[in-house]
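Student: only the shape, not the letters, is given here:
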């Protein structure tokens with residue numbers, strides 16, 4: 001009797017064991033699902049927090065560019081008045097001209113950005129080709145040196161260039177600002193072109209030389225088309241960095257009255273307030289850069305699809 005009762009109990013235990021095991025496995029799976037859900041919620045919340053933190057000031061400027069209020073945050077009604085003032089140069093309501101220094105600063109900003117980005121793109125592309133053709137140890141050392149200007153604070157770069165120009169006896173002005181912008185933009189172009197070089201077939205340059213092309217023809221007709229996307233990215237990045245810069249420009253512009261938008265805003269704010277027409281100007285600059293970025297990404301995606309086919 002005892003043996004039969006023990007057998008029955010053991011069978012009951014064995015029969016109930018899988019059910020207990022399944023229930024514990026289900027509990028663990030539910031816990032993992034909950035953890036994954038919480039991680040997903042936290043990561044998405046963090047992402048949206050960053051997006052709001054980055055773009056809220058831009059949206060605020062665009063929003064208040066449609067009101068005539070001189071103080072940001074004071075809404076006096078929807079109007080395109082500031083845009084009319086910006087393009088006409090005259091405020092018909094206040095019967096005064098828009099600050100002419102703003103237009104001069106905008107002109108200098110665009111001139112410096114385009115010239116500096118052009119030279120930085122050419123120098124950075126040639127430097128990237130030279131670095132790529134070095135030995136591995138030398139390449140790593142040069143790439144490390146190339147990354148130093150990118151991690152340097154702007155104020156340190158500006159003071160260093162200021163002391164260099166003073167030591168060489170070069171009077172500061174438009175030329176020194178352009179040189180300074182070329183200096184800090186070139187490493188970013190190198191960084192943009194290097195990935196294109198690593199993806200490119202290293203034998204096409206030598207093949208072009210074997211077919212009778214000169215080194216310049218092989219560079220212009222064979223390598224440049226392959227490097228063009230990286231060069232374009234570096235060029236646009238250089239323009240953005242040049243327009244955005246303040247520290248380097250402040251120390252290298254001298255006392256000749258030269259101002260870019262960043263230094264003009266600094267001087268305007270010290271006088272007690274910002275020119276209201278800066279709001280529509282910033283909105284147009286942001287929208288222009290956004291459209292350019294969308295077009296570049298669209299073309300890059302289109303080329304990638306063609307290569308896949």
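Tutor: Received, thanks. Here the structure is a predicted model, which is why all the values come from computation and not from measurement.

Student: mind listing the strands for the chain?
Tutor: Ranges of strands in the chain, per DSSP state E, are 90-91, 96-97.

Student: what strands flank the last one, and is each parallel or antiparallel?
Tutor: Strand partners for strand 96-97, identified by DSSP bridges, are recorded as strand 90-91 (antiparallel).

Student: which other residues reach the strand it pairs with?
Tutor: When contacts are taken as CB atoms under 8 Å, 6 or more residues apart in numbering, the neighbours of strand 90-91 outside the stretch itself are 85, 96, 97, 98. Where you see a C-beta, it was placed from the backbone N, CA and C, and this is true even at glycine.

Student: most neighbours, which of the residues you listed?
Tutor: Ranked by neighbour count (other CB atoms under 10 Å), the contacts of strand 90-91 have residue 85 at the top, with 22 neighbours.

Student: measure the nearest residue to it once chain neighbours are set aside to residue 83 for me?
Tutor: What sits nearest to residue 85 in space, not counting adjacent residues and going by CB to CB, 6 or more residues apart in numbering, is residue 91, at 4.9 Å. Here residue 91 is placed at a distance of 12 Å from residue 83 (CB to CB, to the nearest Å).

Student: over to residue 178?
Tutor: Using CB to CB, residue 178 is found at 31 Å from residue 83.

Student: now swap in residue 301 and tell me
Tutor: 33 Å.

Student: just give me the neighbour total for residue 209.
Tutor: Other residues within reach of residue 209 by the criterion other CB under 10 Å amount to 14.

Student: wait, it touches residue 217, no?
Tutor: No: contact status for residue 209 versus residue 217: not in contact, 9.1 Å apart, counting by CB atoms under 8 Å.

Student: so the residue lying closest to residue 118 once chain neighbours are set aside versus residue 178, what's the distance?
Tutor: The shortest distance from residue 118 to any residue other than its chain neighbours is 7.5 Å, reached at residue 235 (CB to CB, 6+ apart). The span separating residue 235 from residue 178 equals 15 Å under the rule CB to CB.

Student: okay, those two: which has more neighbours?
Tutor: When residue 235 and residue 178 are compared on other CB under 10 Å, the one with more neighbours turns out to be residue 235, at 21 against 18.

Student: these two touch, right, that one and residue 121?
Tutor: Yes: counting by CB under 8 Å, residue 121 is a contact partner of residue 235 at 4.6 Å.

Student: list residues touching both of the two?
Tutor: Common neighbours of residue 235 and residue 121, using CB under 8 Å, 6+ apart, are residue 189.

Student: about what we covered before: comparing residue 301 and residue 83, which residue is more hemmed in?
Tutor: Summary of the neighbour comparison: residue 301 and residue 83, criterion other CB under 10 Å, with residue 83 having more neighbours (17 against 10).

Student: before we move on, the earlier item: who are the neighbours in contact with the residue nearest to residue 118?
Tutor: Taking CB under 8 Å, 6+ apart as the definition of contact, the neighbours of residue 235 are 117, 118, 120, 121, 189.

Student: count residues in the vicinity of the first one, would you?
Tutor: Spelled out, that is residue 117. Other residues near residue 117 number 25, with proximity taken as other CB under 10 Å.
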